[in-house]
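Participant: here you go, sequence then predicted model.
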Amino acid sequence: MTRPLTAPGRSRPAEVVPRPACSLALRGSFELRIDGRPTRIPLSAQRVLAFLGLKRRRLGRIFVAGHLWTDASEERAAAALRTALWRLGRSAGPLVCCEGQSLSLDPAVEVDIDVATTIARELFAEAATSVPPDALAVLRDDGELLPDWYEDWVLIERERFRQVRLHALETLCRRLSAEGRHAEATEAGVAAVASEPLRESAHGALIAAHLAEHNPGEALRQYRLCRDLLRQEFDLAPSAQLDGMVAHLRHVTER
């Protein structure tokens, strides 16, 4: 058998082993996938990955340990963090970059919330000329951020993402309507209203989409739904701005 020749004094080139594709889902239940397969890791390791995935920057070990183990002393929190990182390494490999006393999630790990946030920023950009691809598909999903986790840092991030998503859906509704994509615009508006039925600006975006599609009856029905919800829940009336959107319709009544 003929063997490949290697120049004297030179080693054979090492085979390049492709890195596994890693994705982290934080909307809905926590899920880590490696090469498309769900990978189970201990809860302590989940918390570390989720925290780093939400922050997406280098953080001091003391900072991470202090936020994740708030009831422990600094020494015990640091020990708990070391244990969590060790368990994570054994279960899923090197997903966390450790540089001295700093930690960060490996940039190669795709986090679902990053995708939605990036699309939202593109929608908010004043210079944007078109709707980002897959914007509706990504934002329509009402997956709440880690709904079964109740720690303070999760609650803060959950509310932040909720507001970003709602504003993005309203903006998407208006942008799609302006492009004449009425069915998609309505879908985005309905998703915003479904996520927060008491949000007047979501109703307003949907009403505007109905009017743009020349559906005054749908617009008026949506207005009345918003009016009734505000009255029932808060004993409030719609704003003058929302009233003005449907004031020209023949059958609008002030009841």
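Facilitator: Yes, it's here. Numbers count the residues shown, from 1 in each chain.

Participant: mind listing the helices for the stretch 151-255 of the chain?
Facilitator: 152-178, 182-195, 200-212, 216-234, 240-246 (DSSP state H, counting those that start in this stretch).

Participant: please identify the deepest-packed of the ones you listed.
Facilitator: Sort those by mean neighbour count, taking mean count of other Cβ atoms under 10 Å, and helix 200-212 sits at the top with a mean of 23. All C-beta atoms are positioned from the backbone trio N, CA, C, and that covers glycine.

Participant: quick one: that one to helix 182-195, angle?
Facilitator: Interaxial angle, helix 200-212 versus helix 182-195 (axes from the mean of the first three to the mean of the last three Cα atoms, to 10 degrees): 160 degrees.

Participant: report the angle between helix 200-212 and helix 216-234.
Facilitator: Orientation note: helix 200-212 sits at an angle of 170 degrees relative to helix 216-234 (the same axes, to 10 degrees).

Participant: for helix 200-212, packing partners?
Facilitator: Contacts defined by 3 or more Cβ pairs under 8 Å, 6 or more residues apart in numbering; DSSP states H and E place helix 200-212 against helix 152-178, helix 182-195, helix 216-234, helix 240-246.

Participant: what about this protein, any weak spots by pLDDT?
Facilitator: 1-20, 127-128, 250-255 (pLDDT under 70).

Participant: tell me which residue is most central in it.
Facilitator: Note on the chain: the residue nearest the mean C-alpha position is I113, at 3.2 Å, using Cα atoms, centre = their mean.

Participant: which helix or which strand is home to the closest residue to P42 other than its chain neighbours?
Facilitator: Using Cβ to Cβ, 6 or more residues apart in numbering and skipping residues adjacent in sequence, the residue nearest P42 is R87, 4.8 Å away. For R87, the host element (DSSP states H and E) is helix 74-92.
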